[in-house]
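> Here you go, sequence then predicted model.
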Amino acid sequence: MDNRCVLKKPERISFQREIDRLFKHGDGFISYPLRVVFLVQKPVSGATVSVLISVSKKKIKHAVDRNRMKRLIREAYRLNKAALIQDCKEKETGLLIAFLFIGKELYPWKDMEETMRKVLNTVREKLL
C-alpha cells in the first residue's frame, strides 16, 4: 500500500487551538461547493499538512448525507494530496487547511474530485 495515499490521525486537525488559529489568521477562498481556509504554519500535531473537513447541519439536514459528503471530500483530498505535501516538504513549512462544504445538496464524486484538484492547485500557487 502506498503510504502517501493514507489519511492518518496526525493529518487531521484535532487541537482546538489549531482550529482557532486557522480561522483567526488563515487566508481563504471559495471554489464552489467548498470554502477553503488555510494557514502556512507548522502544525502542532507533527504532520506536514493537516486538514479539517466540515459539512454544515444547516445546509445538509440528514446526518447520513452529511457523512457521505465528508467521506467524498476526505477521499478526494486523500487521492490528490501528494503534490501539496511534496511542495510543503521542499519549502520546509507546514500547512493547516479547512474544507467547509457550502453547497445546498449532495455533490457527485466526479465533480467533488475535480473541485478538490482545483482547490489544491490554488493552495499550491498561493504557497509560491
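Now that the structure is in, tell me what you want to look at. Numbers count the residues shown, from 1 in each chain.

> residue boundaries of the strands in the protein?
For the chain, the strands defined by DSSP state E cover 27-31, 34-40, 49-55, 95-101.

> Any figure for the gap between Lys42 and Arg17?
Distance of Lys42 to Arg17, computed by C-beta to C-beta, to the nearest Å: 13 Å. Where you see a C-beta, it was placed from the backbone N, CA and C, and this is true even at glycine.

> ok, the two, which is more surrounded?
Using other C-beta atoms under 10 Å as the criterion, Lys42 and Arg17 rank with Lys42 on top: 15 against 8.

> And the pLDDT at the residue lying closest to the more buried one once chain neighbours are set aside?
Excluding the flanking residues, the one nearest Lys42 by C-beta to C-beta, 6 or more residues apart in numbering is Gly94, at 3.9 Å. In this model, Gly94 is scored at 90, pLDDT.

> tell me what the helix or strand of the chain with the lowest mean pLDDT is packed against?
When each helix and strand of the chain is scored by mean pLDDT, DSSP states H and E, helix 82-91 comes last, with a mean of 90. Judged by 3 or more C-beta pairs under 8 Å, 6 or more residues apart in numbering; DSSP states H and E, helix 82-91 is in contact with strand 49-55, helix 109-127.

> Let's see that with 10 Å instead.
For helix 82-91, the packing partners by 3 or more C-beta pairs under 10 Å, 6 or more residues apart in numbering; DSSP states H and E come out as strand 49-55, strand 95-101, helix 109-127.

> Buried deepest among these, which one?
strand 95-101 (a mean of 22; mean count of other C-beta atoms under 10 Å).

> Show me what that one is packed against.
Using 3+ C-beta pairs under 10 Å, 6+ apart: strand 95-101 touches helix 16-25, strand 27-31, strand 34-40, strand 49-55, helix 63-80, helix 82-91, helix 109-127.

> would you list those in TSV and tack on distance to Leu7?
Shown next, in TSV, are the helices and strands packed on strand 95-101 (distance: least, C-beta to C-beta, whole Å):
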stretch	distance to Leu7
helix 16-25	17
strand 27-31	20
strand 34-40	17
strand 49-55	8
helix 63-80	5
helix 82-91	11
helix 109-127	13
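
> Alright, that wraps it up for me.
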